[in-house]
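Chemist: Pasted the sequence and its predicted model underneath.
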Amino acid sequence: NAGVTQTPKFQVLKTGQSMTLQCAQDMNHEYMSWYRQDPGMGLRLIHYSVGAGITDQGEVPNGYNVSRSTTEDFPLRLLSAAPSQTSVYFCASSYSGARELFFGEGSRLTVL
Amino acid sequence: AQSVTQPDIHITVSEGASLELRCNYSYGATPYLFWYVQSPGQGLQLLLKYFSGDTLVQGIKGFEAEFKRSQSSFNLRKPSVHWSDAAEYFCAVGESNYQLIWGAGTKLIIKP
């Protein structure tokens, strides 16, 4: 069972570069979300989606874009990376809102 | 604003000893409460959840938690820890159907 798959697992960027973190789930979950995890701060919600074509902002959306063209995929885009975006990013999905989240294994991003 | 506090950054427990991890929340309405576990280098996994009803909830891996409204607490317990329980534990509160507020986490260290 694949569950929630995130790629890449590791990425190093230079300031100003752009990239996309991919997230795919095979559980037919309507709800998908992106979090960033920083030491001592727990998880912070970046963006979420409650279904194809519907996205909304979370707690820390600045500098990130998302789209949801299919139920399965929810990519996170960094248009112009900044060192403050160095973090571990997690994608999570659920069949019922933010109730029982299934997490990917994370993507560690370093911005130099 | 809603908040979740996990007072202990680290806890060290001997293998076979009992465990209690503390979680306090600030939330106006009846909360949805969760405990997640994160093993090193992995994503998070749901341990247990409280929505309503019986205030003592059972989870996976032998964990339980008790909701105490008067103390605004949702502490996680296990009667006898195993070396495989070494991980980071996160408490979360459902702010809405689509957003969770997370504690900063408690890292559990098991002494042999």
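Modeler: Yep, that arrived.
Chemist: What are the buried residues along stretch A:26-42?
Modeler: By neighbour count on 16 or more other Cβ atoms under 10 Å in any protein chain shown, the buried set for stretch A:26-42 is A:H29, A:E30, A:Y31, A:M32, A:S33, A:W34, A:Y35, A:R36, A:Q37, A:G42. Using the backbone N, CA and C atoms, a C-beta is placed for each residue, glycine as well.
Chemist: element containing the closest residue to B:Q45 other than its chain neighbours?
Modeler: Spatial nearest neighbour of B:Q45, chain neighbours left out: B:V37 (5.4 Å); criterion: Cβ to Cβ, 6 or more residues apart in numbering or on different chains. Assigned by DSSP states H and E, B:V37 belongs to strand B:32-38.
Chemist: on contacts alone, who are the packing partners of that strand?
Modeler: Other elements packing on strand B:32-38 under the criterion 3 or more Cβ pairs under 8 Å, 6 or more residues apart in numbering or on different chains; DSSP states H and E are strand B:44-50, strand B:64-68, strand B:73-78, strand B:87-94.
Chemist: biggest separation within the buried residues of stretch A:26-42, which pair?
Modeler: Spanning the widest gap among the buried residues of stretch A:26-42 are A:E30 and A:G42, at 24.7 Å by Cβ to Cβ.
Chemist: which bits of chain A sit near chain B?
Modeler: Within chain A, the positions adjacent to chain B are A:4, A:31, A:33, A:40-45, A:48, A:50, A:56, A:58-59, A:90, A:92, A:97-101, A:103-106 by Cβ under 8 Å from any Cβ of the partner chain.
Chemist: Low-confidence stretches in chain A?
Modeler: Within chain A, the ranges that satisfy pLDDT under 70 run A:1.
Chemist: contacting residues for residue 52?
Modeler: Defaulting to chain A. Shown in contact with A:A52 (Cβ atoms under 8 Å, 6 or more residues apart in numbering or on different chains): A:R68, A:S69, A:T70, A:T71.
Chemist: Chain B was what I was after
Modeler: B:T30.
Chemist: hang on, the earlier thing: which among the residues of chain A next to chain B count as buried?
Modeler: Neighbour counting with 16+ other Cβ under 10 Å marks A:4, A:31, A:33, A:42-45, A:48, A:50, A:58-59, A:90, A:92, A:97-99, A:101, A:103-106 as buried within the residues of chain A next to chain B.
Chemist: Any idea what B:E20 is bridged to?
Modeler: Listed by DSSP bridges, the beta-bridge partners for B:E20 are B:R77.
Chemist: interface residues of chain B facing chain A?
Modeler: Within chain B, the residues that sit near chain A (Cβ under 8 Å from any Cβ) are B:4, B:9, B:32, B:36, B:41-46, B:49, B:51, B:90, B:92, B:94, B:96-100, B:102-105.
Chemist: Buried subset of these as a ChimeraX selection?
Modeler: Listed next is the ChimeraX selection for buried residues among the residues of chain B next to chain A, using 16+ other Cβ under 10 Å:
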select /B:4,32,36,43,44,46,49,90,92,94,98,99,100,102,103,104,105
